[in-house]
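Trainee: build the 3D model from these lines:
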Amino acid sequence: MENVTALIMAAGVDNRMKSKKSKLSQEIYGKAVIKRVVEAVRKAGIEDIAVIVGENRKEIEEILKDEVQYVYQEQCLGTGHAIMQASEYLKNKQGRVLILNGNIPLIEANTINKVVEKAVTENQAACILTGILNDPTGYGRIIRKDNQIYEIIEDKEANEAEKRVLEVNAGVYCFDIKELLDIIHKLQQSSIGLYYLTDVIKMMNTKGLNTTGVLVEDNTEILSLNTKVQLEMLTRILRIKINTRLMNNGVTIEDTNTTYIYDDVEIGMDTIIYPNTTIKSGVVIGENCKIGPNAYIREGCKLADNVKVGSFVEIKKTIVGEGSKIPHLSYMGDCEIGTKCNIGCGTITCNYDGTNKSKTIIGDNAFVGSNVNLVAPVKIGNNVFIAAGSTITEDVPDYALAIARERQINKEDWNRN
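Mentor: The predicted structure is shown next:
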């Protein structure tokens, strides 16, 4: 594929979100909306990415840091104006430019690829991603002539007949850079004082250039984020997509409505996820495991096959060996657990001293009794027994029984009047 540059439009600011944070820094499953869009572009194989920012520039830069380049739009005068500000960035580029809105967090890399590939293979001056919506309110309408895309009419500018058109602009475009730069500064302000990038399509057609479109297969990919209600809806859609993919790969999820599995989680077949379970990004779980209910699997965890993580268990940055069990009411953080271990109810790793996080290592075939405190850094050997109620502060050698608790004393008649 020829060279492709990406521009993500992220300068627009409004108050519909009712938040001190912009809509692009709102998080879905722990990841900012703008970061999700950048990641989708990068997964599509595009590395040259610039984000167009305005008064929210500091906020966006704190999220993306040096992952991307930045173009500044000091005045927000529409999408066409945003690309005018990027013309200096584009003038020495070759090939195509992918332009997309920064508030479509569910867009997929393969959809982006389809738009770019059609533009390239058919040598189109522009290729637009479109969708068919039962309620197209708020979206620009796709106007066709002889079944070809001829222009895009913004919702605010559409007449009654145009408002009845159900095919909409999804906010993803692929332009020939040279043709775009030849036209972009010829845009005229609309009746409300904005420069619309969508006006470029009619101008290209008038010039005799070819423009085409790709119809999105899944309309949820093009849903935009502007309000907290939409934020909840998009989060729910992503949850359904992730859970469905895992179930189609052989994972049993007993209640998808109360199971929250973040992006980039790997789970082996025949593993059962019980209700009210949360699993964070990057977690790897093997086959035939049992997770939950009310389990919280945080970042950095890797679980081998046949592992059990039970009710009200939280684990973080923990590796669990094959056949080990953490059945209930435990916290295991910054920990390595060997194979065929049993972690008793109420066991915790004391991994934080107020300044540093330290590690606990537990060998194979270890039996840790109930209500045990493992004060890190500490190493528990293979085939070790730890008595219930112990607070372990020193390493325990292989095959040992560790007891660290006060001897019981009964003071008879102590509570008699």
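Trainee: if you count neighbours, what's buried in stretch 294-301?
Mentor: Residues of stretch 294-301 classed as buried under the neighbour-count rule (16 or more other Cβ atoms under 10 Å) are 294, 295, 296, 297, 298, 300, 301. All C-beta spots, glycine's among them, are computed from the backbone N, C-alpha and C.
Trainee: hang on, the fifth one packs against residue 314?
Mentor: Yes. The pair residue 298 and residue 314 qualifies as a contact (Cβ atoms under 8 Å) at a distance of 6.9 Å.
Trainee: any weak-confidence spans in this structure?
Mentor: For the chain, the stretches with pLDDT under 70 are 1-2, 417.
Trainee: okay, now the domains of it?
Mentor: 4-222, 249-402 (automatic domain parsing).
Trainee: distance to residue 230 for those domains - can I get that in CSV?
Mentor: What follows is the domains of the chain, written out as CSV (distance: least, Cβ to Cβ, whole Å):
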stretch, distance to residue 230
domain 4-222, 9
domain 249-402, 19
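Trainee: so which of these gets nearest residue 410?
Mentor: Nearest to residue 410 among those is domain 249-402 (16.4 Å), distances taken as Cβ to Cβ.
Trainee: measure the closest one end to end?
Mentor: The straight-line separation of the ends of domain 249-402 (Cα to Cα, to the nearest Å) is 43 Å.
Trainee: stretch 168-182 now?
Mentor: Stretch 168-182: ends 26 Å apart by Cα to Cα.
Trainee: quick check: end-to-end length of stretch 273-280?
Mentor: 13 Å.
Trainee: ok, now stretch 196-212?
Mentor: With Cα to Cα, one end of stretch 196-212 sits 18 Å from the other.
Trainee: list the buried residues for it?
Mentor: Using 16+ other Cβ under 10 Å as the test for burial, stretch 196-212 gives 196-205, 209-212.
Trainee: in a markdown table: those residues, plus secondary structure and distance to residue 326.
Mentor: Putting the buried residues of stretch 196-212 into a markdown table (DSSP: H, G, I helix; E, B strand; the rest coil; distance: Cβ to Cβ, whole Å) gives the following:
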| residue | secondary structure | distance to residue 326 |
| --- | --- | --- |
| 196 | coil | 56 |
| 197 | coil | 53 |
| 198 | coil | 55 |
| 199 | helix | 60 |
| 200 | helix | 58 |
| 201 | helix | 57 |
| 202 | helix | 62 |
| 203 | helix | 63 |
| 204 | helix | 61 |
| 205 | helix | 63 |
| 209 | coil | 62 |
| 210 | coil | 61 |
| 211 | strand | 58 |
| 212 | strand | 55 |
